[in-house]
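# sequence and predicted structure are below.
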Amino acid sequence: MLIVDQNVLDDIGRGFSVPAQPKLLLSLLKLMAEPSPDVNAIADCISKDIAVSAAILKTVNSPLYGLSRTVTDIKMSVNYIGIYGVVMLVTGSLLKKSFDPKNCSIDLEIFWAMTTDISSAAIALGKQFKKNIPMDKLSSLGLFHACGIPVMAMKYQNYQDIADQALVTPGLSLIELEEKHYHANHATIGYYVASSWRLPKDVCQIILQHHERDYLDRLDGSVEQDLFAVLKLAEHIVSLKYLDCASPDWAYLEEAALAILAINQDQLAAIITQITESL
């Protein structure tokens, strides 16, 4: 496990406008911490936020979940995908509401469209190749893995230029370019956000390390490496869809990621097409 120096985290808290944990999420976590969580109380708590409730129902009723009947309320959602699954969907919805597009130097509509697709692609890959990973972890990792980017884009008006540079100079990762220009990076900031929002520790760790191109150099069969491999292939698929090019990290991780997922090169093109068409 990679440990972040507390001084670094303190600097992030002081130097960036990091979204605080929403009251709704705090209330849900308190309800979930009870010895026997009350499904009705949790559903009622979520239902008070009409926008979040609508987003949850839209997601749960999408082909992604493949439910046999239409879910019409939050309690039904909890019954179908579990308390933790619904809370992670709530968390993702609240994250999107936490940033003001007027004060951000990147196009948040495109950013959230891409991260939502990465989340959906990760779930689809997990269903096929890593059924041991809970869907809610794949969903939250997909939505939160790059959440440090809008935090940086709120502070730096030229952030889009740096992100564009990372696409044309794949020898340097986005993390390296961020450190060069800002002495900070979105992975560490994302870890700060995810930790403060109480995401699972293994998800927080992958967020912290998701641009480490040597992360899969020594395969150990861990769930963390499974999560990482799914995320990187999901990123690659979405990069092909939106940018018509491979994700910058993919060339460094492709062989190991495909080995973890037990996918060969002959299968890869078909999988990319299949998932892209489902997004």
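Structure received.

# low-scoring stretches of the stretch 1-150 of the chain, by residue?
For the stretch 1-150 of the chain, residues meeting the criterion pLDDT under 70 lie at 1.

# what about the strands in it?
Under the criterion DSSP state E, counting those that start in this stretch, strands are not mapped anywhere in the stretch 1-150 of the chain.

# what about the helices in it?
Assigned by DSSP state H, counting those that start in this stretch, the helices in the stretch 1-150 of the chain fall at 6-15, 23-32, 39-47, 50-60, 74-81, 83-97, 108-129, 135-144, 148-155.

# list the buried residues for the longest one?
The reference is to helix 108-129. Buried residues in helix 108-129, defined by neighbour count with 16 or more other Cβ atoms under 10 Å: 108, 111-112, 114-126, 129. (C-beta placed from N, C-alpha, C; glycine too.)

# dump the helices of the stretch 1-150 of the chain to JSON lines, plus distance to Tyr182.
Converted to JSON lines, these look like this (distance: least, Cβ to Cβ, whole Å):
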{"stretch": "helix 6-15", "distance to Tyr182": "10"}
{"stretch": "helix 23-32", "distance to Tyr182": "28"}
{"stretch": "helix 39-47", "distance to Tyr182": "37"}
{"stretch": "helix 50-60", "distance to Tyr182": "32"}
{"stretch": "helix 74-81", "distance to Tyr182": "38"}
{"stretch": "helix 83-97", "distance to Tyr182": "22"}
{"stretch": "helix 108-129", "distance to Tyr182": "18"}
{"stretch": "helix 135-144", "distance to Tyr182": "20"}
{"stretch": "helix 148-155", "distance to Tyr182": "7"}
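
# deepest of those, which one?
Neighbour counts (mean count of other Cβ atoms under 10 Å) averaged over each of these peak at helix 135-144, with a mean of 25.

# so what touches that helix?
The contact list for helix 135-144 (Cβ atoms under 8 Å, 6 or more residues apart in numbering) reads 81-82, 84-85, 87-89, 91-92, 95, 115-116, 118-123, 125-127, 190, 193-194, 197, 199-200, 202-203, 206-207, 227, 230-231, 234.

# could you tell me the end-to-end distance of stretch 75-94?
19 Å (Cα to Cα, to the nearest Å).

# and Asn185, what does it touch?
Applying Cβ under 8 Å, 6+ apart, the residues near Asn185 are 148, 174-175, 178-179.

# filter those to the buried ones?
Restricting the contacts of Asn185 to buried positions leaves 148, 174-175, 178, with burial counted as 16+ other Cβ under 10 Å.

# looking at those residues, which are in helices?
Among those, the members found in helices (DSSP state H) are 148, 174-175, 178.

# which residues are in contact with Asp214?
For Asp214, the contacting residues are Tyr252, by Cβ under 8 Å, 6+ apart.

# how does this protein divide into domains?
For the chain, automatic domain parsing gives the domain ranges 1-19+100-279, 20-97.

# could you report the neighbour count for Pro35?
4 (other Cβ atoms under 10 Å).

# isn't Ala9 up against Ala194?
Careful, residue 9 is Leu; it's not Ala. No: here Leu9 does not reach Ala194: they are 11.9 Å apart, not a contact under Cβ atoms under 8 Å.

# on that earlier part again, so which of the buried ones among the contacts of Asn185 is the closest to Gln267?
Leu174 (28.4 Å; Cβ to Cβ).

# how close does the closest residue to the closest one other than its chain neighbours get to Asp214?
Excluding the flanking residues, the one nearest Leu174 by Cβ to Cβ, 6 or more residues apart in numbering is Ala166, at 4.1 Å. For Ala166, the distance to Asp214 equals 18 Å [Cβ to Cβ, to the nearest Å].

# tell me which element Gly171 falls in.
Assignment of secondary structure by DSSP states H and E places Gly171 within no helix or strand.

# what are the phi and psi angles of it?
Main-chain dihedrals, Gly171, degrees, to the nearest 10: phi -70, psi -20.

# for Leu219, same thing?
phi -70, psi 130.

# look up how far Lys96 lies from Leu143.
For Leu143, the distance to Lys96 equals 8 Å [Cβ to Cβ].
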